[in-house]
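Q: What would the 3D arrangement of this be:
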Amino acid sequence: MRLLVDTQAALWLLSKNERLPPTARELIFDRSVDCFLSAASVWEVAIKRRLGKLDASADFHIHLERHGVRGLPIYDRHATLVADLPLHHHDPFDRLLVAQAIAEGMSILSADEILRKYDVPVLW
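A: Got it, this is the predicted structure:
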């Protein structure tokens with residue numbers, strides 16, 4: 001299984017937030033699951049940190065790498081696919097995550113119910 005961890009799930013994992021269910025933690029730590037964090041999530045955290053809307057480590061993604069979560073770059077095909085998605089979600093970061101998951105044949109680990117409206121498997 002290939003799994004794209006959304007921004008919120010990644011931050012909750014690192015902060016040991018109890019809102020991240022044990023099943024989600026198990027998926028991330030399961031070495032048989034290939035877990036990825038999008039560059040879009042790193043970008044989103046950087047923007048929200050700069051605006052003072054988020055208190056998170058600037059290198060949070062490095063900590064995730066220590067747990068086996070690999071980075072996923074944003075490719076042209078991901079950005080292009082965003083234009084073809086229905087407008088279920090207006091958050092540009094989440095729309096890019098959906099496009100990446102579709103293009104790369106991944107499921108998304110997320111609590112965001114809106115993502116379930118897209119043609120992509122959502123786990124949580």
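Q: what sits up against the helix or strand bottoming out on mean pLDDT in the chain?
A: When each helix and strand of the chain is scored by mean pLDDT, DSSP states H and E, helix 60-66 comes last, with a mean of 92. With contacts defined as Cβ atoms under 8 Å, 6 or more residues apart in numbering, helix 60-66 is touched by 5, 10-11, 13-14, 37, 41-42, 45, 57, 69, 71. Yep, even glycine has a C-beta here, placed from its N, CA and C like the rest.
Q: Buried residues of that helix, list them for me.
A: Under the neighbour-count criterion of 16 or more other Cβ atoms under 10 Å, helix 60-66 has 60-61, 64 buried.
Q: immediately after that helix, which helix or strand?
A: strand 70-72 (DSSP states H and E).
Q: Just give me the closest of the buried residues of helix 60-66 to Ala24.
A: Leu64 (13.4 Å; Cβ to Cβ).
Q: Show me where the protein has its strands.
A: Ranges of strands in the chain, per DSSP state E, are 2-5, 34-38, 70-72, 107-109, 122-123.
Q: As a markdown table, these with mean neighbour count, distance to Asp91 and mean pLDDT would be great.
A: Output for these, formatted as a markdown table (neighbours: other Cβ atoms under 10 Å; distance: least, Cβ to Cβ, whole Å; pLDDT from 0 to 100):
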| stretch | mean neighbour count | distance to Asp91 | mean pLDDT |
| --- | --- | --- | --- |
| strand 2-5 | 22 | 15 | 98 |
| strand 34-38 | 22 | 13 | 98 |
| strand 70-72 | 16 | 18 | 97 |
| strand 107-109 | 23 | 13 | 98 |
| strand 122-123 | 18 | 15 | 96 |
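Q: mind listing what the closest residue in space to Thr23 that isn't next to it in sequence touches?
A: The shortest distance from Thr23 to any non-neighbouring residue, by Cβ to Cβ, 6 or more residues apart in numbering, is to Trp124 (7.7 Å). Neighbouring residues of Trp124 by Cβ under 8 Å, 6+ apart: 9, 21, 23-24, 109-111.
Q: Thanks a lot, catch you later.
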